[in-house]
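Enquirer: Turn this into a model:
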Amino acid sequence: MRNFWWVLGVGALVWVGAHARAAVVSPLMTAFQATGAKPSGFSINDWVEVPNATLDLAGLASSVAQKLHMNAPQVSQEGIGYQKVSESARVAGISTRVIVERLKSGATYVVVDRTTPHGFAGLRETEALFDHVLKGYGMVHRNVNLEGAVAGKRSPAQEYRLVQRALSSIGASSLNGVRTPGYVSEAGKSPFISFSEELEGHPINVQVAASYNAYTHQTQVYIGSPLLTVTY
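Expert: Below is the predicted model:
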């Protein structure tokens with residue numbers, strides 16, 4: 001699984017949806033299956049803003065980690081405008097992380113994420129577990145990325161058709177896209193996903209991309225909601 005990020009308030013992106021308790025994995029799985037790709041991994045990244053700005057960061061991180069059945073050392077960091085406590089665990093290639101961060105403004109966030117290179121095993125269980133753990137702290141914001149591959153190389157036109165099949169399978173039309181010799185990426189809004197972000201004036205809640213990997217001789221397929229946060 002490639003590097004991914006969580007950002008609270010990304011310049012041009014504005015969260016305008018409800019919350020993540022309405023499951024997003026099911027429509028993404030439908031879109032993924034429409035591509036015919038073989039699953040290779042996933043990432044889920046959830047965060048909430050905690051209303052109590054006086055909470056002990058270390059204690060909060062420990063409490064969340066325990067609910068996730070993690071047993072890992074804490075790492076504390078402090079810089080200009082922030083304090084952060086995190087715990088990370090890696091078991092059988094599956095990485096889980098808890099981050100509790102307080103900004104200079106007093107805004108405090110709890111973030112949990114998990115990545116795995118073992119297909120989609122545990123995907124729905126992770127979605128349910130994260131929702132269960134975080135919903136007591138506040139509104140849950142969720143980002144999901146699915147990764148897979150189809151054998152061989154596709155032309156840019158074939159990659160585009162593959163991406164469009166995925167979007168069409170969940171009733172999404174392309175609202176923002178990029179087509180290059182190296183990759184194709186299209187973002188749209190599906191009625192089957194209850195939240196969205198605003199991107200260049202459009203409400204977006206799903207993004208699909210395809211690119212060729214010469215090393216593995218496969219066409220990589222990426223599907224994310226509300227946007228992809230993996231490198232493609």
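Enquirer: Could you pull up the mean pLDDT of stretch 104-111?
Expert: The average pLDDT within stretch 104-111 is 94.
Enquirer: got the CA positions of that stretch in PDB?
Expert: What follows is stretch 104-111 as a C-alpha-only set of coordinates in PDB (Å, rounded to 0.1, in the frame of the first residue of the first chain):
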ATOM      1  CA  LYS A 104      -2.800  26.000  18.500                       C
ATOM      2  CA  SER A 105      -6.400  27.000  18.100                       C
ATOM      3  CA  GLY A 106      -7.400  24.300  20.600                       C
ATOM      4  CA  ALA A 107      -9.100  22.200  18.000                       C
ATOM      5  CA  THR A 108      -8.500  18.500  18.900                       C
ATOM      6  CA  TYR A 109      -8.700  15.600  16.400                       C
ATOM      7  CA  VAL A 110      -8.700  11.800  16.700                       C
ATOM      8  CA  VAL A 111      -7.500  10.000  13.600                       C
END
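Enquirer: which of the residues in it are buried?
Expert: Buried positions in stretch 104-111, judged by neighbour count with 16 or more other CB atoms under 10 Å: Thr108, Tyr109, Val110, Val111. To be clear about C-beta, it is placed using only N, CA and C from the backbone, and glycine gets the same treatment.
Enquirer: hang on, the first one packs against Glu49?
Expert: So the one you mean is Thr108. Yes. Thr108 is in contact with Glu49 according to CB atoms under 8 Å; the separation is 7.0 Å.
Enquirer: I'd like to know which elements the host helix or strand of Thr30 is packed against.
Expert: Element membership for Thr30, per DSSP states H and E: helix 25-35. Helix 25-35 sits against helix 123-134, strand 141-151, helix 156-169, strand 206-213, strand 218-225, with contacts defined as 3 or more CB pairs under 8 Å, 6 or more residues apart in numbering; DSSP states H and E.
Enquirer: Let me know the angle separating that helix from helix 156-169.
Expert: Put simply, helix 25-35 runs at 140 degrees to helix 156-169, going by axes from the mean of the first three to the mean of the last three CA atoms, to 10 degrees.
Enquirer: Give me the residues contacting helix 25-35.
Expert: With CB atoms under 8 Å, 6 or more residues apart in numbering as the test, helix 25-35 has contacts from 39, 120, 123-124, 127, 144, 146, 148, 150, 162-163, 165-170, 172, 190, 192-193, 206, 208, 210, 221, 223-225.
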